[in-house]
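Chemist: coordinates for the following, if possible.
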Amino acid sequence: MFSKTIFKQTLKQNWKLWAIFTALTAAMGGIIIIVFDPRMIQRMMDTFAEMGLGGPMAEMAGEAFSFLGMIGDSFYGMQGYILPLVFVIMTANSLIASHVDRGSMAYTLSTPIKRVKVVCTQAIYMILSIVAMFTVVTLVGLAAVQVAHNGLWGTPYTPDVIAAAKVLDLSRTEVASDINLIINNPEAFQTGAEARRIDEDVYELYLTLVLFDNALNAAADVIGVSQDVIMDDLEILLANDNAVEAMAAVLWMEPYALREMIQSETDEHTDDDPADEATAQAMMENMILGMEAAAEVLGTDVEALGNNMGRIKNDTAALAAMSEASGIPEEMIIMMINMQLAQAEIELDQPIDFDVMTYVNLNIGMILLLFAIGGISFMFSCIFNLTKNSLALGAGIPIAFLVIEIMAQTSSDLENLRFLSLNTLFDPSAITSGGTFAPQFAVLAAIGVVLYMVGISVFKKKDLPL
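Modeler: From the prediction side, this is the model:
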């Protein structure tokens with residue numbers, strides 16, 4: 001059922017076509033992965049907030065544009081499908097119908113090689129070419145994730161650390177482990193703020209938060225507890241001189257000065273006055289009143305504004321309205337806004353959410369979809385003797401599936417059309433969001449097997465113009 005000679009001949013005739021389409025598809029996928037920037041998601045959500053589309057709308061957008069969600073919806077949803085589809089259509093037609101149409105099939109069948117062995121060998125080449133293509137795409141994608149984001153192993157570095165390391169002529173590891181190097185160098189500080197695309201006053205707060213987090217990590221490592229345990233009970237620090245020294249070294253402070261600071265903070269917590277809680281509650285209520293006034297000036301709602309407080313800071317009228325309504329000085333409001341923005345930057349520093357198995361499943365799903373679509377093209381290549389007839393249905397039906405999928409995505413009124421397309425069985429969003437996809441994969445595999453078997457059976461029995 002397999003001819004090594006025919007397979008070698010087919011490989012020799014088609015490897016350039018495979019290489020071109022594979023290289024283009026892999027490059028496209030790799031570029032999409034490399035240019036991914038978590039800040040893009042934040043900017044998108046800020047835009048939603050400016051449009052008054054906060055809350056659930058913004059949350060849904062954030063989920064859709066997670067790292068794997070974005071790759072699934074963009075590359076595996078459309079961009080990474082079109083080129084392989086063209087390859088499958090062209091290859092399927094060239095394997096059988098084109099040979100019959102040109103008369104070269106007559107020469108092949110005049111040899112001792114049986115007809116069934118010829119068609120089975122061509123089917124095997126078709127399937128292996130798809131698997132090989134997306135094996136390359138998968139490997140290139142994994143390499144891009146590692147090189148651009150350290151998503152598989154190693155330490156990912158933030159844009160400001162990368163930029164500041166160049167200014168300081170130090171390694172990224174040295175700068176990341178000692179943020180004071182940025183804080184105490186004006187040029188590195190300015191470069192870091194520009195790399196993160198934030199104001200320098202926000203960047204200063206951000207660096208302070210990172211520095212304190214690094215110091216807590218150092219102390220926690222010495223004591224052998226988590227940061228949360230230390231924050232809940234600062235007395236743990238005071239009872240461990242080595243932890244205080246480790247923390248002071250990170251902060252570039254004298255241990256005795258840090259100890260005094262920790263002791264002062266501990267005393268303040270011990271002397272908590274119920275009146276302080278009432279004052280904090282009153283300030284929170286005044287803040288809400290101020291935000292309502294600012295939201296009215298900006299023409300948005302409070303919830304959307306709460307997700308993008310930077311708008312208040314950058315609008316003098318909104319800032320003045322908030323200050324007047326809340327009774328809080330503008331300087332204090334700006335400080336609170338800067339703190340919120342700095343906290344948001346901390347959240348952006350979290351490693352990308354990349355799961356290798358999910359990424360592999362996306363590629364398996366694409367292989368199965370192309371396996372089924374390729375079965376359609378291969379079947380019609382076996383049925384018809386003329387290339388024009390083979391392409392009419394072998395290319396027409398897969399392209400019709402694609403058009404139906406696009407139409408279904410553009411309008412909710414046409415959503416039910418998706419069930420007329422095999423493409424609906426491959427849902428990247430279900431894979432990236434933890435939904436159900438195994439049954440659909442099984443259906444695609446079964447459809448592909450049936451179509452290839454039908455094509456092989458027809459070709460074995462039909463009359464050929466030999």
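Chemist: where does the stretch 51-200 of the chain have low pLDDT?
Modeler: Applying pLDDT under 70 to the stretch 51-200 of the chain flags residues 51-65.
Chemist: if we use 90, what do you get?
Modeler: 51-70, 73-74, 77-79, 97-115, 147-159, 177, 197 (pLDDT under 90).
Chemist: just the helices in it please.
Modeler: With helices called from DSSP state H, counting those that start in this stretch, the stretch 51-200 of the chain shows them at 56-64, 67-74, 80-95, 97-102, 104-109, 115-149, 159-168, 172-177, 180-183, 186-196, 200-223.
Chemist: make TSV out of those and add mean neighbour count.
Modeler: Using the backbone N, CA and C atoms, a C-beta is placed for each residue, glycine as well. Formatted as TSV, the helices of the stretch 51-200 of the chain follow (neighbours: other Cβ atoms under 10 Å):
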stretch	mean neighbour count
helix 56-64	14
helix 67-74	21
helix 80-95	22
helix 97-102	20
helix 104-109	15
helix 115-149	19
helix 159-168	20
helix 172-177	17
helix 180-183	20
helix 186-196	18
helix 200-223	18
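Chemist: these: which one's closest to Glu296?
Modeler: Nearest of the helices of the stretch 51-200 of the chain to Glu296, taken as Cβ to Cβ: helix 56-64 at 20.4 Å.
Chemist: tell me the contacts of Leu402?
Modeler: Contacts of Leu402 were listed using Cβ atoms under 8 Å, 6 or more residues apart in numbering, and they are Tyr81, Ile82, Leu85, Ser421, Asn423.
Chemist: spatially central residue in the chain, please.
Modeler: Phe67 (1.5 Å; Cα atoms, centre = their mean).
Chemist: Asp463: how many residues sit nearby?
Modeler: Look at Asp463: counted by other Cβ atoms under 10 Å, it has 6 neighbours.
Chemist: sorry, back to before: name the nearest of the contacts of Leu402 relative to His149.
Modeler: Looking across these and measuring by Cβ to Cβ, the closest to His149 is Tyr81, at 23.8 Å.
Chemist: on that earlier part again, need the max-distance pair from the contacts of Leu402.
Modeler: So, these by Cβ to Cβ: farthest apart are Ile82 and Ser421, at 14.5 Å.
Chemist: now Leu109: how far from Ile383?
Modeler: 17 Å (Cβ to Cβ, to the nearest Å).
Chemist: tell me which residues in stretch 299-311 are buried?
Modeler: For stretch 299-311, burial by neighbour count (16 or more other Cβ atoms under 10 Å) applies to Thr300, Asp301, Ala304, Leu305, Asn307, Asn308, Met309, Gly310, Arg311.
Chemist: the second one against Ala295, yeah?
Modeler: Spelled out, that is Asp301. Yes. The criterion here is Cβ atoms under 8 Å, and Asp301 meets it with Ala295 at 5.8 Å.
Chemist: so what sits against both of those two?
Modeler: Listed as contacting both Asp301 and Ala295 by Cβ under 8 Å, 6+ apart is no residue at all.
Chemist: for stretch 362-370, C-alpha coordinates in PDB please.
Modeler: Output of stretch 362-370 as PDB, limited to C-alpha atoms (Å, rounded to 0.1, in the frame of the first residue of the first chain):
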ATOM      1  CA  LEU A 362      -4.000  24.600  18.800                       C
ATOM      2  CA  ASN A 363      -1.600  23.100  16.300                       C
ATOM      3  CA  ILE A 364      -3.100  19.600  16.600                       C
ATOM      4  CA  GLY A 365      -6.500  21.200  15.900                       C
ATOM      5  CA  MET A 366      -5.200  23.000  12.900                       C
ATOM      6  CA  ILE A 367      -3.600  19.700  11.600                       C
ATOM      7  CA  LEU A 368      -6.900  17.900  12.000                       C
ATOM      8  CA  LEU A 369      -8.900  20.700  10.300                       C
ATOM      9  CA  LEU A 370      -6.500  20.700   7.300                       C
END
